[in-house]
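Engineer: only the shape, not the letters, is given here:
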């Protein structure tokens with residue numbers, strides 16, 4: 001029961017903080033998307049090399 005109450009409080013505080021700092025959140029998203037794409041590209045590239053080597 002305590003976990004549910006703490007979870008709801010955390011969600012409410014998180015949503016409040018997100019609404020107050022929306023521009024900072026969008027800056028974070030703008031910075032993370034290219035990094036995630038680079039990381040995913042590296043993983044996919046390495047998987048392709050491994051698939052070519054196994055043939």
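Structural biologist: It's in. Not measured: the values here are computed from a predicted model.
Engineer: against residue 23, how distant is the spatially most central residue of the chain?
Structural biologist: Closest to where the C-alpha atoms of the chain average out (CA atoms, centre = their mean) is residue 32, at 7.3 Å. Computed as CB to CB, to the nearest Å, the residue 32 to residue 23 distance reads 15 Å. Yep, even glycine has a C-beta here, placed from its N, CA and C like the rest.
Engineer: which helix or strand contains the residue nearest to the centre of the chain?
Structural biologist: Counting by DSSP states H and E, the element that carries residue 32 is helix 22-54.
Engineer: state the mean pLDDT of that helix.
Structural biologist: Per-residue pLDDT values across helix 22-54 average out to 93.
Engineer: what's the burial count for residue 25?
Structural biologist: Per other CB atoms under 10 Å, the neighbour tally for residue 25 reads 13.
Engineer: how close does it get to residue 35?
Structural biologist: Applying CB to CB, one obtains 16 Å for the distance of residue 25 from residue 35.
Engineer: repeat for residue 44
Structural biologist: Using CB to CB, one gets 15 Å for the distance from residue 44 to residue 35.
Engineer: likewise residue 16?
Structural biologist: When CB to CB is applied, the distance between residue 16 and residue 35 equals 27 Å.
Engineer: and what of residue 8?
Structural biologist: Distance from residue 8 to residue 35, by CB to CB: 32 Å.
Engineer: same question for residue 51.
Structural biologist: 25 Å.
Engineer: do the same with residue 3
Structural biologist: Relative to residue 35, residue 3 is positioned 32 Å away (CB to CB).
Engineer: can you check residue 7 too?
Structural biologist: In this structure, residue 7 and residue 35 are separated by 29 Å, where distance is defined by CB to CB.
Engineer: same check on residue 47?
Structural biologist: Here the criterion is CB to CB. By it, residue 47 lies 19 Å from residue 35.
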